[in-house]
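Participant: turn this into a structure:
(one chain, ligands or ions: 2)
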Amino acid sequence: MIQHLLHISHVSKHFGGNVAVSDVSFSVEEEQIFGLIGPNGAGKTTLFNCITGYFPATSGDVIFDTKKINALRPDEVCKLGMARTWQRVKPLGSLTVLENVMVGAFSVTNIAKEAEANAKEQLQMVGLNDYATKSAGSLPIGLKKKLELARVLATRPKMLLLDEICGGLNHTETDTILDIIRGIRKKGATIIFIEHDMKAVTSICDRIVVLNSGEKLAEGTPGEITTNPDVIAAYLGGGHNA
Ligand SMILES: Nc1ncnc2c1ncn2[C@@H]1O[C@H](COP(=O)(O)OP(=O)(O)OP(=O)(O)O)[C@@H](O)[C@H]1O
Ligand SMILES: [Mg+2]
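Facilitator: Ligands and ions are numbered 1, 2, ... in the order given. As a prediction, this is how the structure comes out:
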């Protein structure tokens, strides 16, 4: 039987008169890498905010691991095993790289030694072990994105929501991040991946949902999405500000 880890059911989010997300439904299977794409302002980050408790959906349900999580706070959602990265990475610049990851680790333990061991394991996973004692604020963007991944991995999530984790990176840096993400999935995690770089999206995602003006425009495999006339007209055909 197919295991669905996350069900989004008829989710809408209104900001006053602005409908940022409108009646969106989809399901993500365990160990899937699921892409969420669409033009700027399509509602991708807003949907992440509804899923992870940063603000509640105006209507609809978010079911994670068979539990309805609509009304939970971000820390409660995190404790259930869901972690997200931010479109604009903002590490705690005055702390070291290791300490930043330990902040994530303290969500699963109160014991400093355990948090440190966990953080070191995650730095190894993303290839940042040589930077452990460096100030996080001093890292270039490519390494800050890796640090962001390590920080969320330290919460030991079942599901990771990655908001433009490859944004601002060159091709080599992007390929490195994609390899790390494949490694994370191999260890059993499920991933939702927001990204504008279609080469990255099609190379890593099993399935993709396209949002446009808050609505679900299409869902399918990378092959189905890249040849879908509606998706080409609204997003892939050019003219969008990716
Ligand atoms: N906190 C907020 N208050 C009011 N409006 C908001 C808020 N957050 C998002 N919006 C609006 O919701 C809509 C969707 O924005 P969102 O940031 O979710 O788009 P996105 O798909 O993530 O875009 P991008 O690709 O540029 O990151 C936009 O019209 C935006 O102005
Ligand atoms: Mg966004």
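Participant: secondary structure class of the residue of the chain positioned farthest from its centre, three-state.
Facilitator: Distance from the centre of the chain peaks at residue 113, with 28.0 Å (Cα atoms, centre = their mean). Three-state call for residue 113 (DSSP: H, G, I helix; E, B strand; the rest coil): helix.
Participant: likewise for residue 71?
Facilitator: Relying on three-state DSSP, one would call residue 71 coil.
Participant: so how many other residues sit close to it?
Facilitator: 10 (other Cβ atoms under 10 Å). Yep, even glycine has a C-beta here, placed from its N, CA and C like the rest.
Participant: same check, this time on residue 133
Facilitator: 9.
Participant: ok, the nearest residue to it once chain neighbours are set aside - contacts?
Facilitator: The shortest distance from residue 133 to any non-neighbouring residue, by Cβ to Cβ, 6 or more residues apart in numbering, is to residue 96 (5.4 Å). Going by Cβ atoms under 8 Å, 6 or more residues apart in numbering, residue 96 touches 132-136.
Participant: and stretch 109-117, how far from the chain's centre?
Facilitator: Put simply, stretch 109-117 sits 25 Å off its chain's centre (Cα atoms, centre = their mean, to the nearest Å).
Participant: quick one: contacts of that stretch?
Facilitator: Outside stretch 109-117, the residues that touch it by Cβ under 8 Å, 6+ apart are 98, 102, 105-106, 118, 154.
Participant: kindly recompute the last result at 6 Å.
Facilitator: 102, 105-106 (Cβ atoms under 6 Å, 6 or more residues apart in numbering).
Participant: likewise for stretch 4-14?
Facilitator: 20-30, 46, 50, 57-61, 63-64, 159, 190.
Participant: so which of those residues sit within helices?
Facilitator: Among the contacts of stretch 4-14, the members found in helices (DSSP state H) are 46, 50.
Participant: show me which of the contacts of stretch 4-14 are buried.
Facilitator: 20-22, 24, 26-28, 46, 50, 57, 60, 63-64, 159, 190 (16 or more other Cβ atoms under 10 Å).
Participant: returning to that earlier point: now, the contacts of stretch 4-14 that are in strands?
Facilitator: 20-29, 59-61, 63-64, 159, 190 (DSSP state E).
Participant: keep only those of the residues you listed that are also close to ligand 1.
Facilitator: residue 20 (Cβ under 6 Å from any ligand atom).
Participant: which residues touch residue 149?
Facilitator: Applying Cβ under 6 Å, 6+ apart, the residues near residue 149 are residue 126.
Participant: look at it and give its secondary structure.
Facilitator: helix.
Participant: what's the distance between it and residue 177?
Facilitator: 7 Å (Cβ to Cβ, to the nearest Å).
Participant: swap in residue 158?
Facilitator: Residue 158 is 20 Å from residue 177, by Cβ to Cβ.
Participant: from residue 211, how far off is the closest residue to ligand 2 within the chain?
Facilitator: Using Cβ to the ion, the closest approach of the chain to ligand 2 is made by residue 45 at 3.2 Å. Note on residue 45: its distance to residue 211, by Cβ to Cβ, is 10 Å.
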